[in-house]
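Asks: The sequence and its predicted three-dimensional model are supplied below.
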Amino acid sequence: MKNYIKHDPWSIIEEGFEPKYNQISESIFSIGNGMFGQRANFEEQYSGETLLGNYVAGVYYPDKTRVGWWKNGYPEYFAKVLNAANWIGINISFDGEALDLANCKVEDFRRELNMKEGWLKRSFKATLPSGKQVQVSSTRICSMARTKVGALSYAVTPLNFSGAAQVVPYVDFDVMNADSNYDEKFWNEQEKLASEGFSYVLASTKKTDFWVATGMKFNITGKWNGSSNTGNEKEKYVEVIAEGNITEGETFTIEKYAANISSMYFEKDQLMEVCKKEVEAAAAVGFEALLKEHKDAWAVKWEKSDIVIDGDVSAQQGIRFNIFQLNQTYTGEDERLNIGPKGFTGEKYGGSTYWDTEAYCLAFYLATSDQEVAKNLVLYRYKHLQKAIENAQKLGFTDGAALYPMVTMNGEECHNEWEITFEEIHRNGAIAYAIYDYINYHGDEDYLIDYGLEVLIAISRFWAQRVHWSENKSQYVMHGVTGPNEYENNVNNNWYTSKMALWTLEYTLEGLAKYEGSDKLNALLDRLNFKGAEETEKWEDILENMYLGYDEERGVFLQQDGFLDKELMPVGDIPSGQRPINQNWSWDRILRSCFIKQADTLQGIYLFEDEFDEETIERNFDFYEPMTVHESSLSPCVHAILASKLGRKEKAYEMYLRTARLDLDDYNNDTEDGCHTTSMAGTWMAFAKGFAGMRVRHGELFFSPSLPDHWEGYSFKIKFRERNLSISAKGGQVTIANESEQDLSLYVYDTPINAPAQGSVSIEME
């Protein structure tokens, strides 16, 4: 665990330059606006360890699968979120000597990401090998008001010399992904122009033929005695060389404006024209005006989604960092887009969509965004249903059964670890549950018959074919699966997977019964060649006769067959220095151990907690939690929620802090690859569903607030069924403020409460 980020309620601050932490900081200090994002790479050249990254939403490349042993059913490719053009670059030299912090003595280095206003600032004093000293201060934004535009201001002051300087702003499309399977470059040049007025590169991806135009314009103000500007072009690269003279103690400032325009939104022959228009409009407005627009746009986002924690700066900084990254990753306007596990902060994990979206991210967008945003997330899977059916067909399933991909960009499976691609099928259950979650939260009952039932039927058909009858048990069983705990592969009767399958079948049958006889349902069933009682009776038989492992002696659900045959021990027994075990143990040793990567059985108990009494939840928590190493970023939030429900304040806070500061403190030694964006939504869940005890049961809102002992209070906002609510817990009081024009009936500590329109109600905390 690292501890070099300064604690501050609204900013992420790094003081002092540690090259060994640079790639971690490049991830943490990333910025984006939903349409593109940029790692916190330096504007000036840097010859040290760095992971360059500018990512454009929706643009990907199908990198050929690389495996040692090909298996039937493997996808042909692994989709890569592409590293696009470097638009921030400005090479700077003084009397021919380049500014490169890898070769300089660096003092007074400070990097700040202001989350409230959405800007990244960096300042430092550098002493070059020649002894020349310069002071630099830069500010950068990916405009949230003009989501095609990025801009930066880069101020330089020579401290102990005067002389010649060269400033070279550029756009570099000659980039490659660090995770390329075959060290291949993925872009072809289509067109380019280097000009003092406007420079650009137009490039296209191989195979997928996405086109992106990235252009730039710059100016230099202050004490800059310019002598000439010269355009220069190389393959997939344009630059403008500005030469001039600078004076000791006098500051000059480079302002650079750029745009990323993709064929996702414009015709290919329009890209350059649109790019030029956006860049020139941004330059005409100027950096300070762009910055103000950007700040105003962020103010609107924070008004809807901020969480205030009194008395704990570490926890406050953590939750705001998570909310900030979520807001700049996905804005919800385009139903073709989704939430990648690294957002715009890195390349690892490839494709844009995992089950993380449905299991973790949806809750945040349900509560903090307009209904259409969450609806677009569930529609994303509806739009990919035919691909999910084709994915299942490749594995031998028939009659419209659907298996949604583990990783995807366009609905096709593009993940190629057999124990996950073929066996981590619980993802189907998360997608089914998301339909229920959306309808339950927003009350959009029409969604079920218009879209949801078609998906549910296809998933239910998959589950009905995936189970089989065991003569030995005289029950249905499900063999050869991998649950959420990926430290167990190819197991039989994973409790969570089987539980999700049963719930899906039951919910689908309820939907069919609800609309029985309706014209819409009849038309749907005809189109799907639904076999009526032949299918529903099979589903009902599975519901009545499915095996779910249970240990009578301990009173716990069995994660899978044979789990109790392992050597059971707590995480505390792992020798010092051997964690994380995935970086220290062989895979064989991990698979044979009892240690759990992430909540598995507890994941199911969290989803279906109303089916279990508190004693059952407590027994399972006390059994599984001590064996969980939380080496998946998706794990601590579930434990925080359950610990809160059980009144385990210390454990709830421990797990909350672990998820909230996972990247800020680099808990798992992997933040350099990019932030864990989807688990950040789990942080919101840990707060709202944990400390605030927020639930939606049968369309009604419940709260059971609690406070960690050292917190003075907290407040947060949600949007529920077109009502804007503010919830606070402080001074022994829980207050619900209804900012809408309609009353709302809800429950606090299971007590019915009426929150009046444009009013508030307070009750004592339990």
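Replies: Now that the structure is in, tell me what you want to look at.

Asks: Show me the contact partners of stretch 22-29.
Replies: Under the contact criterion C-beta atoms under 8 Å, 6 or more residues apart in numbering, stretch 22-29 has outside partners 2, 5, 12, 14, 39-41, 48-51, 53, 111, 113, 120, 321, 345-346, 663-664, 666, 671-675. Backbone N, C-alpha and C define where each C-beta goes, glycine included.

Asks: Now, the residues you listed that are in helices?
Replies: Secondary structure from DSSP state H places residue 321 of the contacts of stretch 22-29 in helices.

Asks: Narrow the contacts of stretch 22-29 to those that are buried.
Replies: Buried members of the contacts of stretch 22-29, scored by 16 or more other C-beta atoms under 10 Å, are 2, 5, 12, 14, 39-41, 50-51, 53, 111, 113, 120, 321, 345-346, 663-664, 666, 671-675.

Asks: Just the ones of the residues you listed in strands?
Replies: 5, 12, 14, 111, 113, 120 (DSSP state E).

Asks: okay, the residues you listed in a markdown table with pLDDT and distance to residue 206 next?
Replies: Shown next, in a markdown table, are these (pLDDT from 0 to 100; distance: C-beta to C-beta, whole Å):
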| residue | pLDDT | distance to residue 206 |
| --- | --- | --- |
| 5 | 97 | 38 |
| 12 | 98 | 36 |
| 14 | 98 | 37 |
| 111 | 98 | 35 |
| 113 | 98 | 34 |
| 120 | 98 | 32 |
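
Asks: got the CA coordinates for the worst-scoring helix or strand of the chain on mean pLDDT in CSV?
Replies: Lowest by mean pLDDT, DSSP states H and E among the helices and strands of the chain is helix 418-421, with a mean of 86. Taking Å, rounded to 0.1, in the frame of the first residue of the first chain, the C-alpha atoms of helix 418-421 are listed here in CSV:
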residue,chain,number,x,y,z
TRP,A,418,-11.2,-20.7,-20.9
GLU,A,419,-12.0,-20.9,-17.2
ILE,A,420,-13.6,-17.5,-17.4
THR,A,421,-14.9,-17.3,-21.0
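
Asks: Under a three-state scheme, what state does the residue nearest to residue 682 when sequence neighbours are not counted occupy?
Replies: Closest residue to residue 682 apart from its sequence neighbours, by C-beta to C-beta, 6 or more residues apart in numbering: residue 637 at 3.2 Å. Using DSSP: H, G, I helix; E, B strand; the rest coil as the criterion, the local structure at residue 637 reads helix.

Asks: distance of residue 637 from residue 736?
Replies: Going from residue 637 to residue 736 by C-beta to C-beta, to the nearest Å gives 24 Å.

Asks: which one of those two has more residues nearby?
Replies: Legend: neighbour count by other C-beta atoms under 10 Å for residue 637 and residue 736, higher for residue 637 (32 against 23).

Asks: for the more buried one, what are its contacts?
Replies: Per C-beta under 8 Å, 6+ apart, neighbours of residue 637: 360, 655, 656, 659, 679, 682, 683, 685, 686, 690.

Asks: wait, which of these is closest to residue 286?
Replies: Nearest to residue 286 among the contacts of residue 637 is residue 683, at 36.5 Å by C-beta to C-beta.

Asks: How about the backbone phi and psi for the closest one?
Replies: As for residue 683, its main-chain torsions (degrees, to the nearest 10) stand at phi -60, psi -40.
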